[in-house]
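Q: Here's my sequence, what's the structure:
(one chain, ligands or ions: 1)
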Amino acid sequence: MVIVWRYTSSVSSYVSAGQQVVVPPQRCPTCVRQLVGWGGYWRWLRAPLLVERIWIRRGRCAVCRRSHALLPDLALVRRLDVVTVIGTGIGLKVADGLGLRLIAEQLDVPHTTLRAWWQRFRATSPKLLNECLAMAVSLSGAAVDVRSVGERAALEVLGVAWQRAHMRFGVSIGSSVWGFWSWISGGLALGTHTTSPWAAMGGTDWMRASPSPGGPDP
Ligand SMILES: [Zn+2]
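A: Down below sits the predicted model:
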């Protein structure tokens with residue numbers, strides 16, 4: 001299983017940290033015990049002006065005897081590109097209706113890559129909308145007035161959930177809505193899984209489980 005954690009510094013800092021990257025303590029998704037370090041692995045990450053290998057630590061639960069990849073919220077599972085670039089591409093398509101080819105040129109990513117993101121986003125956007133609506137409502141108790149439809153509505157409500165999480169938990173939520181998107185989906189925001197990662201890693205579970213005022217600690 002993948003556990004996404006919030007990384008607050010820059011992509012280049014993560015890259016240059018190499019195997020020395022410091023991951024805050026993470027808990028077992030099953031029994032909530034603190035995980036112990038369990039090596040890691042290299043993966044590639046493409047960001048503006050860089051394509052580099054980054055070190056992904058693994059953590060293991062001594063009780064459940066299972067290890068988990070600890071993915072920074074810079075990235076998504078099995079997607080080469082940094083999540084802010086993926087999100088920006090989707091955002092441009094949704095908000096401005098620009099052609100995929102033009103957006104791909106702007107972002108300097110292959111057209112086929114952007115098309116794959118867009119197809120997955122379209123397929124997953126109803127789930128994103130539902131999960132973020134439920135999350136936004138449970139965060140503040142107030143209903144969400146959705147003013148758009150389709151993919152646009154999904155992005156709108158993702159933004160609302162992120163803002164409300166910020167109001168409740170403060171800076172620990174992170175300054176990037178796309179990092180939040182990776183985090184609440186357990187890195188599977190564009191995944192092809194039929195089972196929902198949202199229910200396990202995101203959704204509303206972390207809010208119930210989290211001891212305030214410390215904020216969410218999945
Ligand atoms: Zn465990």
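Q: Which residues does stretch 175-184 contact?
A: With C-beta atoms under 8 Å, 6 or more residues apart in numbering as the test, stretch 175-184 has contacts from 4-8, 71, 73-76, 83-84, 86-88, 128, 131-132, 135, 158-159, 161-162, 165, 173-174, 189, 198, 201-203. For glycine as for every other residue, the C-beta is placed from the backbone atoms N, C-alpha and C.
Q: Quick check on the residues you listed: which are buried?
A: Buried members of the contacts of stretch 175-184, counted by 16 or more other C-beta atoms under 10 Å: 4-7, 71, 73-76, 83-84, 86-88, 128, 131-132, 135, 158-159, 161-162, 165, 173-174, 189, 198, 201-203.
Q: nearest residue to residue 148 other than its sequence neighbours?
A: With C-beta to C-beta, 6 or more residues apart in numbering as the criterion, residue 148 has its nearest non-adjacent residue at 5.4 Å, and that residue is residue 156.
Q: got a list of what that neighbour touches?
A: 146-148.
Q: Narrow the contacts of stretch 175-184 to those in helices?
A: 83-84, 86-88, 128, 131-132, 135, 158-159, 161-162, 165, 198, 201 (DSSP state H).
Q: burial measure for residue 170, as a count.
A: Per other C-beta atoms under 10 Å, the neighbour tally for residue 170 reads 10.
Q: Now do the SS call for it.
A: Secondary structure for residue 170, judged by DSSP: H, G, I helix; E, B strand; the rest coil, is helix.
Q: ok, now how distant is it from the ion?
A: 28 Å (C-beta to the ion, to the nearest Å).
Q: what's near enough to touch residue 157?
A: Contact analysis of residue 157 by C-beta under 8 Å, 6+ apart lists 128-129, 132-133, 136, 144, 146.
Q: Surely residue 142 forms part of a helix?
A: No - applying three-state DSSP, one finds residue 142 to be coil, outside a helix.
Q: Would you list the phi and psi of it?
A: Main-chain torsions, residue 142, degrees, to the nearest 10: phi -100, psi 150.
Q: how close does it sit to residue 74?
A: To residue 74, residue 142 is 31 Å away according to C-beta to C-beta, to the nearest Å.
Q: same thing with residue 80?
A: Residue 80 sits 12 Å away from residue 74, going by C-beta to C-beta.
Q: anything in contact with each of these two?
A: The contact sets of residue 80 and residue 74 overlap at residue 45 (C-beta under 8 Å, 6+ apart).
Q: helix/strand/coil for residue 44?
A: Put simply, residue 44 is strand when judged by three-state DSSP.
Q: No further queries at this time; thank you.
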